[in-house]
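this one's structure only:
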């Protein structure tokens, strides 16, 4: 079983749609949680950190449920430029390695 | 450009050859990480350094792989006797000790193709 699991997609949605990605992690000792975005043939870049209280950044909302070991990302009013692979990431400690899910591919169509 | 840089960006080699990749982290970052990414998968951790000390190595890092960071600045990743299964994108990342969040900044990667 992978340490971080995501639905690989692809998710094909029209512009303006709301799309939700889910992720589960197996190690209850995980301390830090993130969503990274990776454009085709580019490096991953941090989209947002995920906090227990939930957090929002514009059209993006991230949620963490430690009891269920579940992380989510909601994208509202999706744009063509949101097309990318979204990587769910956990870390066991500050400064340590990142553990990535396989990524969920999103394609936003006009 | 003050981001993480990697060289070369692409490398094609024949099976059995040795290859070496270089990573230059963001200058004030003392932690440097190597990851490997194959098609359709997320990056997988290989190893990381704090300054010149190699603090952790994944079991993915077989004895054909060696990484160094001799002066605590740039790092090299060498693969000896390459195999076709080594074909992947090799990503380097860095972060600063004491940074508030755990964000790692990634370089553009070195894409290795082993024929």
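Right, received. Where do you want to start? Source: prediction; values computed, not measured. Numbers count the residues shown, from 1 in each chain, chains lettered A, B, ... in the order given.

contacts and neighbour counts: CA atoms only from here.
Will do.

tell me the contacts of residue 8?
Since no chain was named, I'll use chain A. A:102, A:103, A:104, A:105 (C-alpha atoms under 8 Å, 6 or more residues apart in numbering or on different chains).

looking at chain B here, not the other one
B:21, B:22, B:110.

all strands of the chain, in order?
I'll assume chain A. Here chain A has its strands, by DSSP state E, at A:4-6, A:11-14, A:19-25, A:32-38, A:44-49, A:55-57, A:60-65, A:70-75, A:84-91, A:98-100, A:104-109.

right idea, wrong chain: chain B
Using DSSP E, the strands of chain B run over residues B:5-7, B:10-13, B:19-24, B:31-37, B:44-50, B:53-57, B:65-68, B:75-79, B:88-95, B:105-106, B:110-114.

circling back: which one of the strands of chain A lies closest to chain B?
Proximity to chain B (C-alpha to the nearest C-alpha) singles out strand A:98-100 among the strands of chain A, at 5.5 Å.

wondering if that closest one reaches chain B at all.
Yes. Against chain B, strand A:98-100 shows contacts by C-alpha under 8 Å from any C-alpha of the partner chain at A:98, A:99, A:100.

how much space between the first one and residue B:81?
It stands for residue A:98. 28 Å (C-alpha to C-alpha, to the nearest Å).

so for these two, which residue has more residues nearby?
For residue A:98 versus residue B:81, the count of surrounding residues by other C-alpha atoms under 10 Å in any protein chain shown is larger for residue A:98: 24 against 14.

list the contacts for that one?
A:89, A:90, A:91, A:92, B:45 are the contacts of residue A:98 under C-alpha under 8 Å, 6+ apart.

residues touching the third one, list them.
Contact criterion C-alpha under 8 Å, 6+ apart gives A:30, A:31, A:32, A:33, A:97, A:98, A:99 as the residues in contact with residue A:91.

what about the residue in chain A positioned nearest to chain B, neighbour count?
Residue of chain A nearest chain B, by C-alpha to the nearest C-alpha: residue A:102 (4.2 Å). The number of residues packed near residue A:102 is 25, by other C-alpha under 10 Å.

what's the answer for the one 4 residues further on, then?
Here the count is done by other C-alpha under 10 Å, and residue A:106 has 20 residues near it.

and it, bridged to which residues?
Beta-bridge pairing for residue A:106 (DSSP bridges): residue A:11, residue A:84.

now residue B:37
residue B:89.

quick check: it vs residue B:27, distance?
With C-alpha to C-alpha as the criterion, residue B:37 and residue B:27 are 24 Å apart.

looking at these two, which is more packed in?
residue B:37 (18 against 14).

mind listing what residue A:33 touches?
Residue A:33 neighbours (C-alpha under 8 Å, 6+ apart): A:49, A:50, A:51, A:88, A:89, A:90, A:91.

let's see that with 7 Å instead.
Residue A:33 sits next to A:49, A:50, A:89, A:90, A:91 when contact means C-alpha atoms under 7 Å, 6 or more residues apart in numbering or on different chains.

for residue B:10, same thing?
Taking C-alpha under 7 Å, 6+ apart as the test, what residue B:10 contacts is B:110, B:111, B:112.

ok so, going back, for ChimeraX, write the select line for the buried members of the contacts of residue A:91.
To isolate the buried members of the contacts of residue A:91 in ChimeraX, using 16 or more other C-alpha atoms under 10 Å in any protein chain shown:
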select /A:32,33,97,98,99
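
out of the contacts of residue A:91, who's nearest residue A:110?
Of all the contacts of residue A:91, residue A:110 sits closest to residue A:33, with 31.5 Å by C-alpha to C-alpha.
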